[in-house]
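1. sequence? don't have it. structure:
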């Protein structure tokens, strides 16, 4: 926390200055600081994340002479990715209520769900995250307090249904996503080994 506070103070002092030769290292250190917030309680995240995200975006723009960046911030990778989608283009979004973020989300938008899997889910009248919530509500299970990531399964009919449709591993993971749960570790500052470029013409092949 002390490191993050000192970093924010430094950013305020540097507002309006040009990027220096260490700008890339500065961005990398900032991302490291951002990743450590995962292990800090949520109120602290909400208090400081917006300022840190703003600093990262400013550093990227300065060091690249104009490139913009969008940043989503939350307590895990899954929610942060969804928040990034809300932040685009050239913005930032801090998740303060996971239920509001997921309420209108289709299962198709969850990590690991493609078009074919979406069709399988639709055959069982499962289209939105709220469809999973509805099944749990019918069973007397509300929000995620009934769920533990350390247990092999919950007592949820919805989780069992997902596992029967897409398999136990992915089914359990999708069920966790529906409650904003993601225990994948955050790995900061990984060494880049390749660089790629692509051109998208906006064409989708359906057959």
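-> Structure received. Every value quoted in this text rests on a predicted model; they were computed, and no experiment measured them.

2. stretch 111-125: which residues count as buried?
-> 113, 117-118, 121 (16 or more other CB atoms under 10 Å). Bear in mind the C-beta positions are built from the backbone N, C-alpha and C, glycine included.

3. what's the mean pLDDT across the longest helix along the chain?
-> For the chain, the longest helix by residue count, based on DSSP state H, is helix 42-63. When pLDDT is averaged over helix 42-63, the result is 78.

4. for stretch 156-167, same thing?
-> 92.

5. ok, and what's touching that stretch?
-> Applying CB atoms under 8 Å, 6 or more residues apart in numbering, the contact partners of stretch 156-167 are 117, 120-121, 124, 126, 132, 135-136, 138-139, 141, 146-147, 153, 171-172, 174-175, 178.

6. residue 107 and residue 113 touch, don't they?
-> Yes. With contact defined as CB atoms under 8 Å, residue 107 counts as touching residue 113 (5.7 Å).

7. what do those two both touch?
-> Common neighbours of residue 107 and residue 113 (CB under 8 Å, 6+ apart) are 121, 174.

8. show me where this structure has its helices.
-> Ranges of helices in the chain, per DSSP H, are 2-14, 23-36, 42-63, 77-87, 98-102, 115-122, 129-138, 157-166, 168-177.

9. contacting residues around stretch 93-109?
-> By CB under 8 Å, 6+ apart, stretch 93-109 touches 45-46, 49-50, 53, 71-75, 79-80, 82-84, 86-87, 113, 115, 118, 121, 126-132, 143, 174, 178-180.

10. for residue 68, list the residues it contacts.
-> Contacts for residue 68 (CB under 8 Å, 6+ apart) come out as 57, 60-61, 89-90.

11. same question, residue 82
-> Going by CB under 8 Å, 6+ apart, residue 82 touches 72, 74, 95, 101-102, 105, 109.

12. pLDDT below threshold where in the chain?
-> Low-confidence segments of the chain, defined by pLDDT under 70: 1-47, 142-155, 188-190, 202-207.

13. how close does residue 92 get to residue 121?
-> Applying CB to CB, to the nearest Å, the value for residue 92 to residue 121 is 32 Å.

14. follow-up on the earlier one: buried only: go through the contacts of stretch 93-109 for me.
-> The neighbour count (16+ other CB under 10 Å) marks 45, 49, 53, 71-75, 79-80, 82-84, 87, 113, 118, 121, 126, 128-132, 174, 178-180 as buried among the contacts of stretch 93-109.

15. if we can go back for a sec, I'd like to know which of the contacts of residue 82 is nearest to residue 193.
-> Among the contacts of residue 82, residue 72 lies closest to residue 193 (CB to CB), at 25.2 Å.

16. the closest one and residue 123, how far apart?
-> 32 Å.

17. ok, now residue 156?
-> Counting by CB to CB, the gap from residue 156 to residue 123 is 20 Å.

18. do the same with residue 80
-> Going from residue 80 to residue 123 by CB to CB gives 31 Å.

19. just residue 187 next, same as before
-> Counting by CB to CB, the gap between residue 187 and residue 123 amounts to 37 Å.

20. and what of residue 82?
-> 25 Å.

21. and for residue 85?
-> 27 Å.

22. for residue 130, give its distance to residue 179.
-> Taking CB to CB, one finds residue 130 at 12 Å from residue 179.

23. please disregard the earlier target; I meant residue 112.
-> Going from residue 112 to residue 179 by CB to CB gives 15 Å.
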